[in-house]
Each structure stands twice: as C-alpha cells, then as structure tokens.
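>>> generate coordinates for the sequence data below:
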Amino acid sequence: MSAISARCTRVSAPLLAMLLLAPVPAGADFMDTAVLQGIDKVTARVSRIEVPIGRTVTFGPLEITAEACHKRPPEETPESAAFLVIAEQQLDEEPTILFSGWMFASSPALSALEHAVYDVWVVDCIAAATEESESSTGN
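Sure thing, here's the model as predicted:
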C-alpha cells in the first residue's frame, strides 16, 4: 500500500477487505452522477455538488472525481455509494490526494474525508439524463 493510500484510508484492514471484496448487489443501479454535499467549516456554507462519473469538479481547493456511483432499487434498503477521489490543489504545487475510496450515504462516518476546513459526503446517486428530462417535462 502506498503512503498516500495508507494516509487517506482510515478504515481497519478487515473492514477494508470486506468493502473491497463485497460484490455489488445484483439489483444495484449504476448511475451517472454522484450527488454530494459539502460544507465549508469557516463560513458554515453548505453546498450541493453534482459530479458526473469520470469528471472532476472543484469545491474550494478540492478537486473531486467520481469514479462510480450506484444506488439500490426502491424495494431494497435505501443505500447510495460512490467511489470518489478527492485531492487538494495548493498554489504552485501538485495536487495532494486526501481521500480515495467508497463513501456511503447511509454511513458517512464510516469512510469520510478528513479535512480541517471542508467536509464532503455522499447524498445520492442519480441518472442526470432522467433528472433533466423530468424537469423539462414538468414532472
């Protein structure tokens, strides 16, 4: 395990193994956008952050990339999970990876970003094309 991975992942080895080896539920729906919530602890400003899969968005000095996002079907226990890579960009420096792993909407403390100024957690996974078409039709 690299020094960055060891520093970024604050999950015990058995729990990490369980998370990595756990299969995605057969009925899980893969979505194309991760919906996150972020808070700037200095200003107490809360922001909704939508991150399309494979894209990077910025939140303050943080660069957030969503690699995957899946959501259980409505008939199962609600759960949304996203695989995120969060790096901090300082002026004239290479980005520093602060977090790389799965975040779960139902258990934000299980695998969370630890930063002095910013908190980021998963709220939901959505299919952006479906959301746009529903809002344009007025549903």
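>>> please pull out the lowest mean pLDDT helix or strand from this protein.
For the chain, using mean pLDDT, DSSP states H and E, the weakest element among its helices and strands is helix 3-8, scoring a mean of 41.
>>> could you list the low-pLDDT ranges of this protein?
For the chain, the stretches flagged by pLDDT under 70 are 1-28, 129-139.
>>> all helices of it, in order?
For the chain, the helices defined by DSSP state H occupy 3-8, 13-21, 128-137.
>>> next, count neighbours for Pro61.
A count of nearby residues for Pro61, using other C-beta atoms under 10 Å, gives 15. All C-beta atoms are positioned from the backbone trio N, CA, C, and that covers glycine.
>>> cool, Ala34 as well?
When neighbours are counted by other C-beta under 10 Å, Ala34 registers 32.
>>> which residues does it contact?
By C-beta atoms under 8 Å, 6 or more residues apart in numbering, the residues touching Ala34 are Glu50, Val51, Ile53, Ala66, Cys69, Ala82, Leu84, Val122, Cys125.
>>> mind doing that once more with 6 Å?
Contacts for Ala34 were tallied using C-beta atoms under 6 Å, 6 or more residues apart in numbering; they are Val51, Ala66, Cys69, Ala82, Cys125.
>>> partners of the last one in the sheet?
Which is Cys125. In this entry, Cys125 is beta-bridged to Ala34, by DSSP bridges.
>>> ok, now the fourth one?
Following DSSP bridges, Ala82 is listed with bridge partners Cys69, Met103.
>>> that one and Asp124 touch, don't they?
No - at 9.2 Å, Ala82 does not count as touching Asp124 under the criterion of C-beta atoms under 6 Å.
>>> of these two, who's got more company?
Higher neighbour count among Ala82 and Asp124: Ala82, with 28 against 18, using other C-beta under 10 Å.
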